[in-house]
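1. No letters, just coordinates:
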């Protein structure tokens, strides 16, 4: 695993937010932050579990997302976000953890 970013839920709109209509959330890409912060603002009907919407998460890049998530408490099962990125969330010690698998490098 390789550290990728920290995601912080917020209720405050931020500059450079982009809207994800599928998941009903606003986010600022962590690549735009010198500190690797991904700001996330969720709509009330966002389908994510409350733990993800209320507690900051740490994200790690993994080589095999299915292997990394195996045997863990799954919050969001592995899903393709696009043709080059697969994502999932697990819970570890009461905190959300995100795994990212980049498929094309």
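-> Sure thing, it's come through. Everything quoted here is computed from the prediction, not taken from an experiment.

2. Could you list the residues in contact with stretch 48-66?
-> 1-9, 23, 25, 30, 38, 40, 42, 46, 68, 75-76, 78, 86-89, 91, 94-102 (CB atoms under 8 Å, 6 or more residues apart in numbering). Using the backbone N, CA and C atoms, a C-beta is placed for each residue, glycine as well.

3. next SSE after the top strand by length along the chain?
-> Scanning the chain for the strand with the most residues, using DSSP state E, yields strand 73-82. Toward the C-terminus, strand 73-82 is succeeded by strand 85-92 as the next helix or strand (DSSP states H and E).

4. Would you mind checking the contacts of stretch 48-66 for buried ones?
-> Buried residues within these, defined by neighbour count using 16 or more other CB atoms under 10 Å: 4-7, 9, 25, 30, 38, 40, 42, 46, 68, 75-76, 86-89, 91, 96-101.

5. for the strand or helix carrying residue 51, which positions count as buried?
-> Using DSSP H and E, residue 51 falls within helix 50-54. Neighbour-count burial for helix 50-54, with 16+ other CB under 10 Å as criterion, is recorded at 52-53.
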